[in-house]
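Visitor: I need the structure of the sequence given here:
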Amino acid sequence: MPPQATVPIPPSRAAEPAGSSSDPPLSAAPLGFDQTSLSPQDKPRPERTPDVVYVPTPQPVVDAMLEIADVGADDVVYDLGSGDGRIPITAARRWGTRGVGVEIHPLRIREANLAAHRAGVAGQVTFIEADLFEIDLSSATVVTLYLLPDLNLKLRPRLLRLAPGTRIVTHNYHMGDWTPERQRVIGDSVIYAWTVPERIPPHLR
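Guide: All right, here's what the predicted structure looks like:
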């Protein structure tokens, strides 16, 4: 998908509690990532409490989010607020993708790790108990989100620093004045997708 500049989008939905989904733990070595950014034991336990209520993304929406991102075997999917890990796990099972789930709740991390082992993809995904505003995202080629609108907006500066061509996909909540390149409705859910452009327009910096 060629990177494109982004322009304003009108507000879509009223804010409501949201959660997101992700995957099980994975051995950092096979991924070739920076060990300090992936190993939970190397980081202090987050002191923050979750900013959103956990609401699992329905599986048909998970599938559609990954499809609209054109995920492939060479991608590295980061799911921010990964919950039970279903987004990275699905990507690993269907496309052989490597994935990282970032989640602040330890119970969700345990659930995700167990799900990854059961799915047979524990070697392709890892789950990090961390604050999503502090994690290193530089290895990501796809970033998925199911967060509240204000959190999406706070993440925008970090997302714009990702490599050109990185795909960003959100469930139900857009990114303020970024115009989505692609949009899909699945039941009651709306999926929005963007690509980080080569050059960031001044009004988005």
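Visitor: same for the helix or strand hosting Thr90, what does it pack against?
Guide: If you go by DSSP states H and E, Thr90 is part of helix 86-95. In terms of contacts (3 or more Cβ pairs under 8 Å, 6 or more residues apart in numbering; DSSP states H and E), helix 86-95 is packed against helix 59-68, strand 76-80, strand 98-103, helix 106-119, strand 125-129. C-betas here are computed from N, CA, C, even on glycine.
Visitor: now mean pLDDT too, for those, in CSV please.
Guide: Compiled in CSV, the helices and strands packed on helix 86-95 are given as follows (pLDDT from 0 to 100):
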stretch, mean pLDDT
helix 59-68, 97
strand 76-80, 98
strand 98-103, 98
helix 106-119, 97
strand 125-129, 97
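Visitor: any idea which of these gets closest to Val196?
Guide: strand 76-80 (13.0 Å; Cβ to Cβ).
Visitor: so where is this protein shaky, pLDDT-wise?
Guide: By pLDDT under 70, the weakly predicted segments of the chain are 1-52, 201-205.
Visitor: dump the helices and strands packed on helix 86-95 to JSON lines, plus mean neighbour count and distance to Thr141.
Guide: What follows is the helices and strands packed on helix 86-95, written out as JSON lines (neighbours: other Cβ atoms under 10 Å; distance: least, Cβ to Cβ, whole Å):
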{"stretch": "helix 59-68", "mean neighbour count": "20", "distance to Thr141": "12"}
{"stretch": "strand 76-80", "mean neighbour count": "29", "distance to Thr141": "5"}
{"stretch": "strand 98-103", "mean neighbour count": "30", "distance to Thr141": "9"}
{"stretch": "helix 106-119", "mean neighbour count": "19", "distance to Thr141": "20"}
{"stretch": "strand 125-129", "mean neighbour count": "28", "distance to Thr141": "15"}
